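> Below are the sequence and a predicted model; questions follow.
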Number of protein chains: 2
Amino acid sequence: MPKTNISPPTQHIRGVLAPVVTPFKTDLSPDRERFIRHCQWLLSQKCGLAPFGTTSEANSMSAEERTALLDALVAAGIDPSRMMPGTGCCSITETVALTADAVRHGCAGVLMLPPFYYKDVSEEGLLRYFSEVVQRVGDTRLKIYLYHIPPVAIVGITPKLVERLLKAYPNTIAGMKDSSGDWNNTKTFLDAFAETARAARSFDVFVGSESFLLANMRHGGAGTISATANVNLAAIYELYEKCSVVRRGERRGDKKALAVASASTTDLEDQQAQLNAVRQVFSSRKFPSMIAALKQAIAIYRNEPEWARVRPPLIELTTDQAKVLATDLKAIGFAMPGIRTKGHS
Amino acid sequence: MPKTNISPPTQHIRGVLAPVVTPFKTDLSPDRERFIRHCQWLLSQKCGLAPFGTTSEANSMSAEERTALLDALVAAGIDPSRMMPGTGCCSITETVALTADAVRHGCAGVLMLPPFYYKDVSEEGLLRYFSEVVQRVGDTRLKIYLYHIPPVAIVGITPKLVERLLKAYPNTIAGMKDSSGDWNNTKTFLDAFAETARAARSFDVFVGSESFLLANMRHGGAGTISATANVNLAAIYELYEKCSVVRRGERRGDKKALAVASASTTDLEDQQAQLNAVRQVFSSRKFPSMIAALKQAIAIYRNEPEWARVRPPLIELTTDQAKVLATDLKAIGFAMPGIRTKGHS
């Protein structure tokens, strides 16, 4: 394993976070009870929660619906220090309201999309947007993770923007999620902000797909916030944890740990390949979207057909597509450990 | 003037509509009084109102802010039958709330963006989205104008989608605004739904830029909903009205009117060229955005510097850019007829 950037210990949230899928009732309203149960299961598998992300269909919900769901999670006893809710909307007013709410609840941080309606906006405009949000929330507990997902939001986060934001708000800009799907882009951010990582504070880079988890961990990254963590979290967490053990050994200059690390390189790569195989099933073009496929899988494995429902403009898998998904998952021996299947076993 | 599709008379809103720019106070909250004054001026110049569009920075406002502004307009006596507010958000819940509110106020129609967060969504998904909205609003007075603006929303409106929606909701799907900037696309819609236009009801196509106004009117279009109508409405309306006179003559088979029309072709084209010259100033790459340039022009011509303000991620013109704009507008003899300049004349 190559030399990694050494980060000082922090209280920041790290590891594997699930952008929690949101179950809907027949009338398309969020199903709070089912949502809470899924969050509890994710936490039991050592997964952090990033509710209200792209996979959560957060932008298909109103700000009020999101606020009510976060309130419900906290009321149900879900630990806010393991949550990084998505709060970025197109308007400063809504972003501030959702962000202030997350801070009030004591969430570990917020995952913030840039305003995504206008395209080709300037770096200066984005700087002013995020600055307004930070100043209006006005709370030293606020930790912002910038959300870079150009295939969906089109508007992205550039290294120069991060540099300016870190300079202006060093204690608030805590990291980012890179869902560009481009490892070179992730590496650019890791390289650019390595110095920061060695300094008293860290800028934590999460990859938006576990297919880059090993690479990210080898270069000082903080983990992954990935759609498939909704179903495959245990395996993803295992790879994350092994990488963390190696990193801790390196940090201590522990020769034994480094020898183990060197020997286990093939193991780690095998494990990464297994994660990729699972991801490949869900991201297949055979299905209308990965989000719908993930929900369909939960519906199958929990034996709760209600889970399959999505809000338009997304669409569910057809009955035939659902059968194909079940077959494909069975073929790779996929399982969701620890879930209590309704009406089964 | 070539043969146009003949539409039956309807009560539908037509002509020149301004996607009304939204003035903001120092704290970036909407300035209701200034907004109302601008709307009153637009109406006095025979312009219809399409508040909460792209030019209005509607998506930079919360749903509550939009609702409050529409309430304020109606309370101030602005005629709802001359309004087509933008109500399309990413979520069905917010779109339904804003749309129901517009219907309740008796607005002529609503201009509806497709849900624009997820990209590459299916036609079926968009159909389900709009269907949900129509069914949830559940009001026969609802008239939806679909908003096709692919350079910004990326997600667009296809002829096939319009066909399916018209089939399902013939009395609700009233038309569209085409801001593709591609005349061939507009013509495709005009051609595809000409039969509808000849039938008992009409599908009204508005162009999103007055640079296509003459072409649109020559092919049976309904007018334009254009950013520059915020400042150049009188001239745009003049061209619209002349085209309408010609169309009415054609409809009646009035040979005298047709002869006049034929003779005035050069006039119409000259007038179109003049509109284009004004638009060119505002859309110049010298300025950060057309929206900011339009607001800056209002600030200059009304002598109200507050008008220049935009919400991030948009940015204002610099002092130097504002001077360039003033010079460029003076050079083409631009004027805003009928506005009372504060502290001037």
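Looks like it arrived, so ask away. Numbering: from 1, shown residues only, chains lettered A, B, ... in the order given.
> tally of neighbours for A:Leu49?
Neighbourhood size, A:Leu49 [other CB atoms under 10 Å in any protein chain shown]: 29. From N, CA and C alone the C-beta is placed, and that goes for glycine too.
> The closest residue to it other than its chain neighbours and A:Gly208: what is the separation?
Nearest non-adjacent residue to A:Leu49, counting by CB to CB, 6 or more residues apart in numbering or on different chains: A:Met83, 4.7 Å away. Per CB to CB, to the nearest Å, A:Met83 is found 18 Å from A:Gly208.
> Could you do A:Ala273 as well?
The value you get for A:Ala273 to A:Gly208, if CB to CB is used, is 19 Å.
> which of the two has more neighbours?
Using other CB under 10 Å, the more surrounded residue of A:Ala273 and A:Gly208 is A:Gly208, with 25 against 11.
> Now the more buried one: phi and psi?
Dihedral pair for A:Gly208: phi -80, psi 0, per degrees, to the nearest 10.
> Just to check, it is in contact with A:Gly181?
Yes: counting by CB atoms under 8 Å, A:Gly181 is a contact partner of A:Gly208 at 7.3 Å.
> Up against chain B, what does the stretch 201-345 of chain A have?
Residues of the stretch 201-345 of chain A found near chain B (CB under 8 Å from any CB of the partner chain) are A:Pro288, A:Ser289, A:Arg311, A:Pro312, A:Pro313, A:Leu314, A:Ile315.
> Could you identify the most distant pair in those residues?
A:Pro288 and A:Arg311 (13.1 Å; CB to CB).
> which one of the two has more residues nearby?
Per other CB under 10 Å, whichever of A:Pro288 and A:Arg311 has more neighbours is A:Arg311, with 25 against 21.
> so that one makes contact with A:Asn59?
No: using CB under 8 Å, A:Arg311 makes no contact with A:Asn59, being 9.8 Å away.
> what sits in contact with each of those two?
B:Ser91 (CB atoms under 8 Å, 6 or more residues apart in numbering or on different chains).
> Quote the end-to-end distance of stretch A:87-98.
Terminal residues of stretch A:87-98 lie 5 Å apart, using CA to CA, to the nearest Å.
> what's in contact with that stretch?
Contacts of stretch A:87-98 (CB under 8 Å, 6+ apart): A:52, A:59, A:63, A:66-67, A:85, A:99, A:101-102, A:110-117, A:129, A:132-133, A:136-137, A:147, B:28, B:59-62, B:64-65, B:311-312.
> show me where pLDDT drops low in chain A?
Of all residues in chain A, those with pLDDT under 70 make up the ranges A:1-10, A:194-201, A:257-263, A:340-345.
> Where do the strands of it begin and end?
Under the criterion DSSP state E, chain A contains strands at A:15-18, A:48-49, A:110-112, A:144-148, A:173-178, A:204-207, A:223-225.
> Tell me which other helices or strands the fourth one touches.
What that stands for is strand A:144-148. Secondary-structure packing of strand A:144-148 (3 or more CB pairs under 8 Å, 6 or more residues apart in numbering or on different chains; DSSP states H and E): strand A:110-112, helix A:123-137, helix A:159-168, strand A:173-178.
> 6 Å - rerun?
strand A:110-112, strand A:173-178 (3 or more CB pairs under 6 Å, 6 or more residues apart in numbering or on different chains; DSSP states H and E).
> Which neighbours in the sheet does the longest one have, and how are they oriented?
To tie it back to what came earlier, the one meant is strand A:173-178. strand A:144-148 (parallel), strand A:204-207 (parallel) (DSSP bridges).
> Let's have these in a markdown table, adding distance to A:Ala227 and mean neighbour count.
Converted to a markdown table, the strands paired with strand A:173-178 look like this (distance: least, CB to CB, whole Å; neighbours: other CB atoms under 10 Å in any protein chain shown):
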| stretch | distance to A:Ala227 | mean neighbour count |
| --- | --- | --- |
| strand A:144-148 | 13 | 25 |
| strand A:204-207 | 12 | 27 |
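> So for A:Met176, which of the ones you listed sits nearest?
Per CB to CB, nearest to A:Met176 of the strands paired with strand A:173-178: strand A:144-148, 4.3 Å.
> Residues in contact with the closest one: which ones?
A:109-113, A:156-157, A:172-178, A:180 (CB atoms under 6 Å, 6 or more residues apart in numbering or on different chains).
> near chain B, which residues of the stretch 1-150 of chain A show up?
A:59-62, A:90-91, A:93-94, A:115, A:117, A:119, A:121-122, A:124-126, A:128-129, A:132 (CB under 6 Å from any CB of the partner chain).
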